[in-house]
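Novice: Sequence plus predicted model, see below.
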Amino acid sequence: MLDQFFIIDFPALVIVTLASVLCALLGSFLVLTKQAVMIDAISHSVLPGIVAGVLLSGSFSILYVMAGALISALIAVLLVYVFQHWGKIEQGAAIGAVFTAMFAFGVLLLETQVGSRIHLDTQHVLYGALELTYWANPFEWSSMPTQIKTLAVLLIITVVFLLAFFKELRLTTFDPTYARIMGYRTYLFQIILLVLIALVAVGCFEATGSILVIALFICPAAAARMLCDQMSSQLLLSTLIAVFCAVMGYLSSALLPLWLGFDMTVNSASVIALFSGICLIISIIGSPKYGIFAK
Amino acid sequence: MSMDNAIAPLSVKNLSCRYARQDNYALRDISFIAKAGTITGVLGPNGAGKSTFLKSILNLLPHEGSVKFFDSTLAKNRQKIAYIPQRSSVDWDFPVSALDVCLMGLYPRIGWLRRISRVHKEEAMHYLEQVKLQDFAHRQIGALSGGQQQRVFMARALAQQAELFLLDEPMAGVDQKTQTLLFDLFSDLKQQGKTMLIIHHNLQAASAHFDHILLLNQTLVAQGTPEQALSEDAISRAYSPIEA
């Protein structure tokens, strides 16, 4: 029983925790700049890139997949820009058109090209495949799942970036016009954030799937928005909420049913997303300052 | 050219600005010089292009013509130039306090990769005191009144130690008490030799507070002292509908 926990549940918990911290930190910036819909766009439009990476490398090689995903995310951002500026349609419509088309292209690519040669199916893409991870020996670095390594590296990069440029990020997200006049390259910060978001969306891909990752990006950050007035507390609180949802979500999906005597488990990503949604609803209703019942 | 030899903080020559992807101009052929230690009022009807004018000066919009700051470029004088946006363009829900916003004026001096220290906070508090907001330093900006919000941005401009202040409708939605406080602050700054360019909507108040007036309606209808620029004739030309 304990062995099984260390081999299967422990790595899964590490993965969802890392993923949730990353999503909450970067999601906060999306929510603060009112660009939450971007994560919808990015998480969907990375799919053709992921499939291309898998096809090129012949396996789920993280470097190929990341590179592919990044390229398709950037193509998506570029297409949104083109649609918006030359197609005379508003940003929301441009995003909607681009991400659905790219996702559809990814699904087609997946079904026709990948087939059964490599383990990557539509369900995996949609809901994640946390139950497929295992760590043969958690006391041995060499057998550490690639996902954990990937997410840990992304977390270090993200945290260092946020700590190093915290005040500049606060300035450029709060008042980009002023920042531009002061000579800050606001677009550079936007691009770095976008690249990090695209990488994290792919890094979380196996843990949560491309759809449910959206919940982790948005819900904890939006819930924290209801509860605090400082940017630093926004980042800390959204992280705490996200970790809570991830851990509770995993435990109640993977372990609770077994403890209750059922001979089955349910999809973890869905339960985590559900928990995040519930946290958001609670904070909207119960926030002492901004909630429905606040004065 | 200016009469005295002091370098003009702002000189604009033949500035024009087109609407995006259109042939007609939002602003056409505007030239003027703001002398050091003066307050210039930018007046004109709604849609006259007053905000467009300010944004073109600051290179936030594409434009034709030349704009010089302190006889040089914007890039070389960024710290000396403070822009105070229209209230409606600010995200008042953003999780920042009055002190946080004021501190932003110090960022260029704090520098990259350096944290905000207690000394910086004390300095920012000093500027908040100048606009009488010291008691509201830790309040989230959305929880301040319209006048207080305007003063927060004024404090940020002070923190920046700017020489040239460009203000987009600072008196819009501001109570009488704050208007007086702001105009007093402007005349203090003027005494210190600072220069201000202020978009304003109230023609009546203009003569008392401004040294120089630009009366805009897509073109420069009139400019000069309040008496010169606000003649009945000029006002009726500025406020009558423009023929296409």
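Specialist: Looks like it arrived, so ask away. No experiment lies behind these values; they were computed from the predicted model shown. Residues are numbered from 1 along each chain as shown, chains lettered A, B, ... in the order given.

Novice: CA only for contacts and neighbour counts going forward, please
Specialist: Noted.

Novice: What residues does the stretch 151-295 of chain A have near chain B?
Specialist: A:164-165, A:167-168, A:171, A:174-175, A:177-178, A:181-183, A:228-231, A:234 (C-alpha under 8 Å from any C-alpha of the partner chain).

Novice: And the residue of chain B closest to chain A?
Specialist: B:P95 (4.4 Å; C-alpha to the nearest C-alpha).

Novice: Three-state assignment for that residue, please.
Specialist: With DSSP: H, G, I helix; E, B strand; the rest coil as the basis, B:P95 sits in coil.

Novice: The residues of the stretch 151-295 of chain A next to chain B in helices, which ones?
Specialist: A:164, A:167-168, A:171, A:174, A:177-178, A:181, A:231, A:234 (DSSP state H).

Novice: Now find how far off-centre the helix or strand bottoming out on mean pLDDT in chain B is within its chain.
Specialist: Between all helices and strands in chain B, the lowest mean by mean pLDDT, DSSP states H and E belongs to helix B:203-209, at a mean of 82. Per C-alpha atoms, centre = their mean, to the nearest Å, the displacement of helix B:203-209 from the mean C-alpha position of its chain is 16 Å.

Novice: list the helices and strands the helix or strand just after that helix packs on?
Specialist: Following helix B:203-209 in sequence order, the next helix or strand is strand B:212-217 (DSSP states H and E). Applying 3 or more C-alpha pairs under 8 Å, 6 or more residues apart in numbering or on different chains; DSSP states H and E, we find strand B:212-217 packed against strand B:39-43, strand B:219-224, helix B:226-229, helix B:232-239.

Novice: what are the ranges of the strands in chain B?
Specialist: Assigned by DSSP state E, the strands in chain B fall at B:10-18, B:25-34, B:39-43, B:64-69, B:81-84, B:164-167, B:195-199, B:212-217, B:219-224.

Novice: Oh, that last question was meant for the stretch 51-200 of chain A, not what I typed.
Specialist: In the stretch 51-200 of chain A, no strands are defined using DSSP state E, counting those that start in this stretch.

Novice: returning to that earlier point: just say which of the helices and strands packed on strand B:212-217 is most tucked in.
Specialist: Mean neighbour count, computed with mean count of other C-alpha atoms under 10 Å in any protein chain shown, is highest for strand B:39-43 among the helices and strands packed on strand B:212-217, reaching a mean of 25.

Novice: Now do the longest helix along chain B and strand B:195-199, the angle between them.
Specialist: When chain B is parsed with DSSP H, its longest helix is helix B:176-191. Going by axes from the mean of the first three to the mean of the last three C-alpha atoms, to 10 degrees, helix B:176-191 is angled at 150 degrees with respect to strand B:195-199.

Novice: Let me see the mean pLDDT of helix B:176-191.
Specialist: What helix B:176-191 shows for mean pLDDT is 91.

Novice: Show me what that helix is packed against.
Specialist: With 3+ C-alpha pairs under 8 Å, 6+ apart as the test, helix B:176-191 has helix B:146-159, strand B:195-199 packed against it.

Novice: contacts for that helix?
Specialist: B:37-39, B:131, B:147-148, B:151, B:171, B:195-196, B:209 (C-alpha atoms under 8 Å, 6 or more residues apart in numbering or on different chains).

Novice: With stretch A:204-215 instead?
Specialist: A:12, A:15-16, A:19, A:23, A:39-40, A:43-44, A:47, A:124-130, A:147, A:151, A:201-202, A:268-270, A:273, A:276-277.

Novice: can you rerun that using 7 Å?
Specialist: A:15-16, A:19, A:39-40, A:43-44, A:124-130, A:201, A:269-270, A:273, A:276 (C-alpha atoms under 7 Å, 6 or more residues apart in numbering or on different chains).

Novice: Go ahead and build a PyMOL selection from the buried members of the residues of the stretch 151-295 of chain A next to chain B.
Specialist: Per 16 or more other C-alpha atoms under 10 Å in any protein chain shown, the buried members of these correspond to this PyMOL selection:
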select buried, chain A and resi 165+167+168+171+174+175+177+178+181+182+183+228+229+230+231+234
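
Novice: Check whether A:A242 really touches A:A24, as I assumed.
Specialist: Yes. With contact defined as C-alpha atoms under 7 Å, A:A242 reaches A:A24; the gap is 6.2 Å.

Novice: thought B:K13 was touching B:E64?
Specialist: No. Counting by C-alpha under 7 Å, B:K13 does not reach B:E64; the two are 9.3 Å apart.

Novice: Contact residues of chain B facing chain A?
Specialist: Where chain B comes near chain A, counting by C-alpha under 7 Å from any C-alpha of the partner chain, the residues are B:58, B:78-79, B:83, B:94-96, B:104, B:113, B:140.

Novice: Repeat the analysis, applying 6 Å as the threshold.
Specialist: B:78, B:95-96, B:113 (C-alpha under 6 Å from any C-alpha of the partner chain).

Novice: Turn those residues into JSON lines, columns for neighbour count and pLDDT.
Specialist: Compiled in JSON lines, the residues of chain B next to chain A are given as follows (neighbours: other C-alpha atoms under 10 Å in any protein chain shown; pLDDT from 0 to 100):
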{"residue": "B:R78", "neighbour count": "19", "pLDDT": "94"}
{"residue": "B:P95", "neighbour count": "22", "pLDDT": "96"}
{"residue": "B:V96", "neighbour count": "22", "pLDDT": "97"}
{"residue": "B:L113", "neighbour count": "12", "pLDDT": "93"}
